[in-house]
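Student: Build the 3D model from these lines:
(one chain, ligands or ions: 3)
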Amino acid sequence: MTPPVADGPKTTYAAAAPTTPSKAAVTTANGTHIKPPQPTPDHKTSDDPREDNLHLAIAKHPYGGAANLRDVFTNQDTAFSYDKRDQLGLRGLLPPARQSLSVQLLRVTKQLRNKSTPLEKYVFLASLRQTNTRLFYALVMEHMEECLPLIYTPTVGEACQKFSEIYRRPEGLSISLEDKGRVAELVDNWPVPSGAPRIAVITDGSRILGLGDLGWNGQGISIGKLSLYVAGAGIHPRATVPIVVDLGTNNKKNLEDPLYLGLRRERPGTDEYVEFLDEVMEALHAKYPNLIIQFEDFTSENAFMFLERYQNKYPMFNDDIQGTGSVILAGFTNAARIAAKESGKPLWDQRILMAGAGSAAVGVGKQLLSFFMRQGLTEDEARERVWIFDSKGLVTRDRGDKLPDHKVYFARTDNEGKQFKSLADAVDYVKPTALVGLSTVRGTFDETVIRKVADMNKRPIIFPLSNPTDNSECTYEEAVRFTEGRVLFAAGSPFPEIDASQSPTGKRLIPGQGNNFLVFPGIGLCAALCKASRITNEIVTESALALSDALTQAERDEGRLYPKTDRIREISRDIAVRCIQMANKQKVANDGGYTASMDEDQLRTWVQGEMWVPKYGGADDA
Ligand SMILES: NC(=O)C1=CN([C@@H]2O[C@H](COP(=O)(O)OP(=O)(O)OC[C@H]3O[C@@H](n4cnc5c(N)ncnc54)[C@H](OP(=O)(O)O)[C@@H]3O)[C@@H](O)[C@H]2O)C=CC1
Ligand SMILES: CC(=O)C(=O)O
Ligand SMILES: [Mg+2]
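Tutor: Numbers count the residues shown, from 1 in each chain. Ligands and ions are numbered 1, 2, ... in the order given. As a prediction, this is how the structure comes out:
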């Protein structure tokens, strides 16, 4: 992520000693010893981004030992062995004690916990990532549940709002409209050899979480998402490219802020926008043909437009439309099973009212159709079970306003001329079994709305999914209180559990976190490993089914709708396996038949072996 120091020779990344777990024989679950076929010639390059033991290749730096400490990927700080200190010219530049990664972890955990606010913790963690990448990821992975809300939602929201203010040093690519015509040159400046980067997250900062247009400050979202690719799916940090395309901002506050680091201009019209994005996509693809590009936090109309424009041309997906659709399909399937069991009604007998009709809501609505269709409903019957509600009320064909294309599919025609301006009225009309919130507006699920849905259902499904926490349609505490603890709940940002002593049911209650971070790392890992030429809708749906299946019996017994987040690596691996199988079925895997030749156990072992682990290697971890 952070480029290596600029004042020395290029990193020795390409020359690092290769590890070749994929060539090793695989022992399957039944004990068979099978040697997988050899990879295609370009499958393993000397740039292989899994390469972890880069420090082995560091030579004594011509500008002095200190330069070795400044390379964030190779730096081990106090863990450098005495031999290596001699070899690299580090004697005297480090404290005398030599400490292992685990002792370093104790120190940084303490330092993190000594910070008082989430934003201070965010800044501390960002500084650690920019100083010693492996220690940062070891910390995040050791304390996943504690760190996730700091490097991701909700804290990343506040960090993006103040991104220019808390800026310390550059991370990622900033491609601005001023660079039009020379984007390829900028991409060439990215200091990682061609072939190595596997995943980019690109935002234009125009709709960051539910916080609106933050312009260049949206770079924090690309960085946050890619940190989860590394921590959650084992993508090598140097194989990630956080990108902000800066086309200006319509955020007056940013434009007037002397500290703001983006372009000081308003956003251009659609034609200029598209021409620029085309240039960016071409430049990235030309240098890195297998790069997976995740679109993140574009305004809804642009999100749909670019997905349609690029999805059959490049290996890309839109996380807000497709990732969110997948993660909510998984949680909804698990919730619907519980509700159906208790009500005795068929699994398909659901009526979903969505507050919000943007990229996320429409993405979720479309994925939910696949749930109904798997129960035997036709597409039209499935669509009849989903209602969308926007800032003007229930979306109907005869409402009188011109609907953008993405709303037309779900616009109702069965309302007999009646319009429903308040969500409470829409609830009376629809009689939903499930409320899904992707409206960006706190309080949309107020007491009246929640109590109505609670009166209609034994186990009401309520998913307030807007981020960050302050934008959530309701809190977990409210949902539990107004449903007497019967709610089946998932929110976009984390909420605290409710202790048995405070719970209306007398049992500990655990909220779900329905957030696309549970699926996008697995989808990206799949696409990167099998070099997918396209990320098809079927691959995305498969990720949802795999996530739903990932829930263990123990987790179900605790009432969870999603697996525990500290199992994210295992979940991402299993999602990647299922998605690779789907990619092979759809003939979009581009690895010369390498993954297609493995059975599921072999594939799981191979995927696991490809996942990067933050450690110094050998004796240096001791
Ligand atoms: N949990 C997760 O994994 C994810 C969560 N999200 C969250 O979803 C939210 C929405 O994202 P996105 O769809 O891209 O954003 P948009 O801004 O495109 O969509 C917001 C939608 O909400 C509607 N809306 C606004 N006010 C109200 C209201 N009072 N009642 C009902 N609807 C209202 C808007 O109406 P109109 O169309 O009339 O303007 C619009 O349709 C964000 O907060 C984002 O953080 C997004 C992706 C993933
Ligand atoms: C989670 C996410 O992608 C969003 O809130 O936009
Ligand atoms: Mg998003």
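Student: if I look at the residue in the chain that ligand 2 sits nearest to, how far off is residue 438?
Tutor: Among the residues of the chain, residue 467 lies closest to ligand 2, at 3.7 Å counting by Cβ to the nearest ligand atom. Quick note: C-beta positions are derived from backbone N, CA and C, even for glycine. Noted for residue 467: a distance of 10 Å to residue 438, by Cβ to Cβ, to the nearest Å.
Student: higher neighbour count, these two?
Tutor: Neighbours were tallied for residue 467 and for residue 438 using other Cβ atoms under 10 Å; the higher tally belongs to residue 438 (29 against 24).
Student: Nearest spatial neighbour of that one, chain-adjacent residues omitted?
Tutor: Nearest residue to residue 438 in three dimensions, chain neighbours excluded: residue 356, at 3.5 Å (Cβ to Cβ, 6 or more residues apart in numbering).
Student: which ones are touching the one you found?
Tutor: When the contact criterion is Cβ atoms under 8 Å, 6 or more residues apart in numbering, the partners of residue 356 are 388, 389, 390, 436, 437, 438, 439, 440, 466.
Student: Next: residue 457.
Tutor: Taking Cβ under 8 Å, 6+ apart as the criterion, residue 457 is in contact with 339, 343, 433, 486.
Student: how about residue 302, what does it touch?
Tutor: Residue 302 sits next to 204, 206, 273 when contact means Cβ under 8 Å, 6+ apart.
Student: now swap in residue 417 and tell me
Tutor: Shown in contact with residue 417 (Cβ under 8 Å, 6+ apart): residue 398.
Student: Is it located within a strand, as I assumed?
Tutor: No - the assignment for residue 417 by DSSP: H, G, I helix; E, B strand; the rest coil gives coil, which leaves it out of any strand.
Student: ok so, going back, which one of the contacts of residue 302 sits in the busiest neighbourhood?
Tutor: When neighbours are taken as other Cβ under 10 Å, the top entry among these is residue 204 (31 neighbours).
Student: OK, contacts around that one?
Tutor: Contact criterion Cβ under 8 Å, 6+ apart gives 218, 244, 245, 246, 247, 297, 298, 302 as the residues in contact with residue 204.
Student: swap the cut-off to 6 Å and go again
Tutor: 245, 247, 298 (Cβ atoms under 6 Å, 6 or more residues apart in numbering).
Student: Within the helices and strands, which one has the last one?
Tutor: Assignment of secondary structure by DSSP states H and E places residue 298 within no helix or strand.
Student: Could you measure from it over to residue 560?
Tutor: Distance of residue 298 to residue 560, given as Cβ to Cβ: 32 Å.
Student: Name the residue in the two with the higher neighbour count.
Tutor: A side-by-side neighbour count of residue 298 and residue 560, using other Cβ under 10 Å, places residue 298 first with 26 against 19.
Student: any low-confidence regions in this structure?
Tutor: 1-63, 194-195, 618-622 (pLDDT under 70).
Student: Which strand runs longest in it?
Tutor: Among the elements of the chain assigned as strand by DSSP state E, the one spanning the most residues is strand 240-246.
Student: got TSV for the contacts of residue 302, with secondary structure and distance to residue 92 too?
Tutor: Below are the contacts of residue 302 laid out as TSV (DSSP: H, G, I helix; E, B strand; the rest coil; distance: Cβ to Cβ, whole Å):
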residue	secondary structure	distance to residue 92
204	coil	47
206	coil	50
273	helix	54
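Student: what's the burial count for residue 278?
Tutor: The burial metric for residue 278, expressed as a neighbour count using other Cβ under 10 Å, is 15.
Student: To clarify, my last question referred to residue 169.
Tutor: 11.
Student: and it, what is it in contact with?
Tutor: Shown here is residue 169, whose contacts under the criterion Cβ under 6 Å, 6+ apart are residue 130.
Student: Buried ones in stretch 535-547, by neighbour count?
Tutor: Applying a neighbour-count criterion of 16 or more other Cβ atoms under 10 Å, the buried positions in stretch 535-547 are 535, 536, 537, 539, 540, 541, 542, 543, 544, 545, 546, 547.
Student: which secondary structure element contains residue 466?
Tutor: Take DSSP H and E as the rule and residue 466 turns out to sit in neither a helix nor a strand.
Student: ok, now which ones touch it?
Tutor: Under the criterion of Cβ under 6 Å, 6+ apart, the contact list for residue 466 reads 210, 437, 440, 472, 492.
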